[in-house]
Each structure stands twice: as C-alpha cells, then as structure tokens.
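predicted model, plus sequence, below.
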Amino acid sequence: MKTIRLIAGILLVISGVLHVVMYIKSRGDPGSIGTLVFGIIYGAIGLMLFTKQKYPVYLAVIFPLTGMTIVLIKLGFPALISLLTLLLLIDVIVIVGCSYLLLNQKKT
C-alpha cells in the first residue's frame, strides 16, 4: 500500500512539472492558464501523498479524473505519441492506484 501511494505521489509531481513545462511552451495560447493551475495542484497533491494523511488520496482521484475529463472533452483523443498522451496515461495510473487504496483500506 505504501508503494502504491509513493508511486502515485512521484507520478503526480512529475505530471505537475510537465504541466508547468507545457504552460511555459504554450504561454500565448488562450486557456493555457488552466494547464498551469492543474500543474500546481498536481504537484501539491503529489507532495501531500508523501504524508500519512488520508485526504490526499481522495484528491489524487478527484483532480486527475477532472483534468482528464476536461482534456478529453476540450481536445478529444490526442495523438498516440505526444506529451498529452503521457499526461493522460499518468492520470489513469494515479486514478487506478489511489482508487485501489481507497477501496482496500482497512476498517478501523
């Protein structure tokens, strides 16, 4: 369980950095501020996953799912070899891992 949480945290920090890089590369595009905002949120959630608190796991399911939904509605399915595909793949891995953690948590 700790390993899944650690991997999800690392992936979210990487995704946050990639979102910020994507914003810097496309700064003039309208709507690119959302990329920066999600990058900062992903990085913060990724860092919070390194703590033992429970709520970052919920956030790690909600925000990537929201971001992935927005991207798929706004842009459709991206080309198979692109940075956006990598970000969506990271989102899927984080969502599945954190959902697994939430569904298999021990009852206290």
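Thanks, I have it.

from here on, just use CA atoms for contacts and neighbour counts.
Noted.

which residue is the nearest non-sequential neighbour of the spatially most central residue of the chain?
Nearest to the mean C-alpha position of the chain, by C-alpha atoms, centre = their mean, lies Pro64 at 4.2 Å. The shortest distance from Pro64 to any non-neighbouring residue, by C-alpha to C-alpha, 6 or more residues apart in numbering, is to Asp91 (5.4 Å).

hang on, the one you found packs against Ile62?
No - using C-alpha atoms under 8 Å, Asp91 is not in contact with Ile62; the gap is 10.4 Å.

which of the two has more residues huddled nearby?
Asp91 (25 against 14; other C-alpha atoms under 10 Å).

for Gly9, see how far away that one is.
11 Å (C-alpha to C-alpha, to the nearest Å).

same deal with Tyr55?
According to C-alpha to C-alpha, Tyr55 and Gly9 sit 13 Å apart.

please identify the buried residues of the helix or strand encompassing Asp91?
Here Asp91, judged by DSSP states H and E, is contained in helix 83-103. Using 16 or more other C-alpha atoms under 10 Å as the test for burial, helix 83-103 gives 84, 87-88, 90-99, 101.

could you say what helices and strands it packs with?
Counting contacts by 3 or more C-alpha pairs under 8 Å, 6 or more residues apart in numbering; DSSP states H and E, helix 83-103 packs against helix 2-25, helix 55-75.

contacting residues for Ile40?
With contact set as C-alpha atoms under 8 Å, 6 or more residues apart in numbering, Ile40 has these partners: 16, 20.
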